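Enquirer: Got a sequence here, can you model it:
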Amino acid sequence: MNKKIRRGLLALLFLAVLSAGCAYSHVQGPLDTDFDHTVLGSKIGKAHTHSVLWLVAWGDGGTKAAAEQGKITTITHADFESLVILFGIYTRVTTVVYGE
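Expert: Numbering: from 1, shown residues only. Have a look, this model is predicted:
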């Protein structure tokens, strides 16, 4: 009985590790590598791309679209944001730009 419980717990732990972030994942990160001189600026612009069921995708997630949305003429920094729900059934990727 003790071996069965241990095997069950080990299997459950293994599945939890494999499926981490599969139901819901929301991460952000920089698109810049020069962090010593990063100045964010007073304006923020965002642009999104979306996909559903791995079949349909739409949107303009480029830096130009993000800058236009935020009325930014000079980009000083850029980030990305990724939202994934249920193994990618719905996905949104956002480009975030900062500047003046």
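Enquirer: From now on I want contacts and neighbour counts done on CA atoms only, so please keep to that.
Expert: Will do.
Enquirer: For beta bridges, what are the partners of the most centrally placed residue in the chain?
Expert: The centre of the chain sits closest to Ser82, judged by C-alpha atoms, centre = their mean, with a distance of 1.4 Å. In this entry, Ser82 is beta-bridged to Val27, Val93, by DSSP bridges.
Enquirer: Ile44 now?
Expert: Tyr98.
Enquirer: next one: the one 4 residues further on
Expert: When assigned by DSSP bridges, His48 has beta-bridge partners Thr94.
Enquirer: if I read this right, Thr94 contacts Val84, doesn't it?
Expert: No: with contact defined as C-alpha atoms under 8 Å, Thr94 does not count as touching Val84 (11.6 Å).
Enquirer: Who are the contact partners of the nearest residue to Thr49 once chain neighbours are set aside?
Expert: In this structure, Thr49 finds its nearest non-sequential neighbour in Gly59, 4.3 Å apart by C-alpha to C-alpha, 6 or more residues apart in numbering. Residues in contact with Gly59 (C-alpha atoms under 8 Å, 6 or more residues apart in numbering) are Ala47, His48, Thr49, His50.
Enquirer: one more time with 7 Å, if that's ok
Expert: With contacts defined as C-alpha atoms under 7 Å, 6 or more residues apart in numbering, Gly59 is in contact with His48, Thr49, His50.
Enquirer: Next: Leu83.
Expert: Counting by C-alpha under 7 Å, 6+ apart, Leu83 has contacts Ser25, His26, Val27, Thr91, Arg92, Val93.
Enquirer: residue ranges for the helices of the protein, please.
Expert: Ranges of helices in the chain, per DSSP state H, are 2-18, 63-69.
Enquirer: Least confident secondary structure element in the chain?
Expert: helix 2-18 (a mean of 75; mean pLDDT, DSSP states H and E).
Enquirer: thinking again about what came up before, what do Thr94 and Val84 both touch?
Expert: By C-alpha under 7 Å, 6+ apart, no residue touches both Thr94 and Val84.
Enquirer: now, which of the contacts of Gly59 sits nearest His77?
Expert: Each of those was checked against His77 using C-alpha to C-alpha; the closest is His48, at 16.9 Å.
Enquirer: still on that earlier bit, highest average neighbour count across the helices of the chain?
Expert: Each of these was scored by mean neighbour count; the highest is helix 63-69, a mean of 19, by mean count of other C-alpha atoms under 10 Å.
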